[in-house]
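K.L.:
Okay, predicted coordinates and the sequence, questions at the end:
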Amino acid sequence: MFLCFIMRGKVFISGVIQGMVNPSLSGLHIQPIHQVGVNKVNYIIFFLAISSQSVFSAEFLPLDELIKKCSPGVAPETVKIIIQAESSGKPLAIAVVGDRVKQPKRLVEAILTAQNLESQGKNYSVGLMQINRKNFQRFGLTPATAFETCSNLRAGAAILTECFNRAKVKPEFPHDQAALRGALSCYYSGNFQRGFRLESTSRGQSSYVSRINDKVNAAYRVPAIAPLNEARAVEASSPAVVFPPYLLKTSIYFDDQPTKSLTN
């Protein structure tokens, strides 16, 4: 649950609210306390029950430690790059398919926005890993609890694992690094083709997978090491970038449309 103190018309919410990934992706640090203005409420202390787990039990850890705790088995380097691509490291990020939405700055605003989108039947994704609403039920999430960092990472890791495992058995992805790129496409759209298609962006034509590659190149001058047998295969096919050979995200809900349309 969140512990909320309302004093002199201000709500103080103890919980994970905001974070950012710096350009070198060295880590994500959570800021614990934020204020939200509330009219005509004075000197009230109450508990806002959001979930059976404490939202802030592990939220003060650096991102690498949160990833290890909440999504074990996922390469932190891979997850951090995807977080940057999906949400720019913003735990309150909300994206709506085919629509624009004002990005919330406070947790209460984010929850109310998500609940409003839910009531309208909109197709939206939330949080660091941009978990799509159609995956909420599977992972026991709601428009409120999906913003919890650990729950969001845990769901994202499960989705990534399924996507990567599905890619590994496809002949078009002959080794783990190729499967990882296929999984990136699946992460973006729910299938293994859409993420490789060129799209119009503010910086011209590019695909989702190529944008991830660019972020890796920008973040790491020396790529992550791969197992020797895999590294030899990668040298012959795609020498430019080597991702850690572990995992990625799909929507367990599969679709041919990208699930993101962020705007500030």
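P.N.:
Thanks, I have it.
K.L.:
which residues in the protein form helices?
P.N.:
Under the criterion DSSP state H, the chain contains helices at 63-70, 76-87, 107-119, 149-168, 176-189, 208-219, 228-237.
K.L.:
Which of these comes out lowest on mean pLDDT?
P.N.:
Here the helices of the chain differ in mean pLDDT, and the lowest is helix 228-237 at a mean of 52.
K.L.:
Would you mind listing the buried residues in stretch 129-139?
P.N.:
The neighbour-count criterion (16 or more other C-beta atoms under 10 Å) identifies 129-136, 139 as the buried residues of stretch 129-139. C-beta coordinates here come from the backbone N, C-alpha and C atoms, glycine included.
K.L.:
For burial, what's the neighbour tally of K102?
P.N.:
10 (other C-beta atoms under 10 Å).
K.L.:
For it, give its distance to S207.
P.N.:
Distance, K102 to S207, using C-beta to C-beta, to the nearest Å: 28 Å.
K.L.:
Repeat that for F139.
P.N.:
28 Å.
K.L.:
How about S87, nearest residue that isn't a chain neighbour?
P.N.:
A93 (3.8 Å; C-beta to C-beta, 6 or more residues apart in numbering).
K.L.:
so who does the one you found touch?
P.N.:
By C-beta atoms under 8 Å, 6 or more residues apart in numbering, the contact list for A93 reads 86-87, 103, 126-128, 130, 262.
K.L.:
Give me the distance between Q137 and L117.
P.N.:
Counting by C-beta to C-beta - Q137 and L117 are separated by 16 Å.
K.L.:
Likewise for S151?
P.N.:
18 Å.
K.L.:
which one of those two has more residues nearby?
P.N.:
S151 (22 against 19).
K.L.:
Settle this for me: C186 is touching F192, isn't it.
P.N.:
Yes: under the criterion of C-beta atoms under 8 Å, C186 is in contact with F192, at a separation of 5.6 Å.
K.L.:
shared neighbours, the two?
P.N.:
166-167.
K.L.:
the more surrounded of the two?
P.N.:
C186 (27 against 22).
K.L.:
Out of the buried residues of stretch 129-139, which comes closest to G73?
P.N.:
M129 (14.8 Å; C-beta to C-beta).
K.L.:
residues contacting the closest one?
P.N.:
Applying C-beta under 8 Å, 6+ apart, the residues near M129 are 79, 82-83, 86-87, 152-153, 155-156, 159, 249.
K.L.:
try P143
P.N.:
By C-beta under 8 Å, 6+ apart, the neighbours of P143 are 111, 114-115, 117-118, 126, 133, 136.
K.L.:
Distance to A178 added to the residues you listed, as TSV?
P.N.:
Listed next are the contacts of P143 as TSV, based on distance: C-beta to C-beta, whole Å:
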residue	distance to A178
I111	39
A114	35
Q115	40
L117	36
E118	37
V126	30
R133	30
F136	31
